[in-house]
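Participant: Generate coordinates for the sequence data below:
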Amino acid sequence: MCFIDLLILSSLVRLLVRFEQPWVCCGLYTAYRLALFLLFPGLRMNPWLAGGLVLAASGLYFWLLSQLDSGTMLWWVVSLPGLFLLLWLVTWI
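Facilitator: Take a look at the predicted model:
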């Protein structure tokens, strides 16, 4: 499951670089995770609260990436750790 999340997040980052719409990317990722939270019970918390956490974290992540020029060193410094922090957040929930 983590591999699929990595593929989806990297695809959304590519979509962000191409279209510069951070809130669309954030919404797509949140909708995907919320659907999985609702389909697979056994979370440590309420699925809607977990979806809210994913919304806040992914919104911050995609917004920060949209503020930086893609391809610069700072963009990569934000991109890679942020990607793994989002994956960690999802597995923690």
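
Participant: Which residues outside stretch 36-44 are in contact with it?
Facilitator: Around stretch 36-44, the neighbours that count as contacts under CB atoms under 8 Å, 6 or more residues apart in numbering are 47, 50-51, 93. The way it works is simple: take the backbone N, C-alpha and C, and place the C-beta from them, glycine included.

Participant: List the buried residues of it.
Facilitator: Of all the residues in stretch 36-44, those buried under the rule 16 or more other CB atoms under 10 Å are 36-37.

Participant: low-confidence ranges in the chain?
Facilitator: For the chain, not a single residue meets the criterion pLDDT under 70.

Participant: in it, which spans are helices?
Facilitator: When assigned using DSSP state H, the helices of the chain occupy the ranges 2-19, 22-39, 47-67, 73-92.

Participant: residues of stretch 83-92 that come out buried?
Facilitator: Taking 16+ other CB under 10 Å as the neighbour-count basis, stretch 83-92 is seen to contain the buried residues 83, 86, 89-90.

Participant: Closest to residue 35 out of these?
Facilitator: Top of the list for closeness to residue 35, among these and by CB to CB, is residue 90 at 12.9 Å.

Participant: Taking the centroid of this structure, which residue is nearest it?
Facilitator: Among the residues of the chain, residue 58 comes closest to the average C-alpha position under CA atoms, centre = their mean, at 4.0 Å.

Participant: isn't that residue right next to residue 26, touching?
Facilitator: Yes: applying CB atoms under 8 Å as the test, residue 58 and residue 26 come out as touching, 4.7 Å apart.

Participant: I'd like to know how far the nearest residue to residue 16 once chain neighbours are set aside sits from residue 13.
Facilitator: In space, residue 16 comes closest to residue 25 once its chain neighbours are excluded; the distance is 4.8 Å by CB to CB, 6 or more residues apart in numbering. As defined by CB to CB, to the nearest Å, residue 25 lies at a distance of 8 Å from residue 13.
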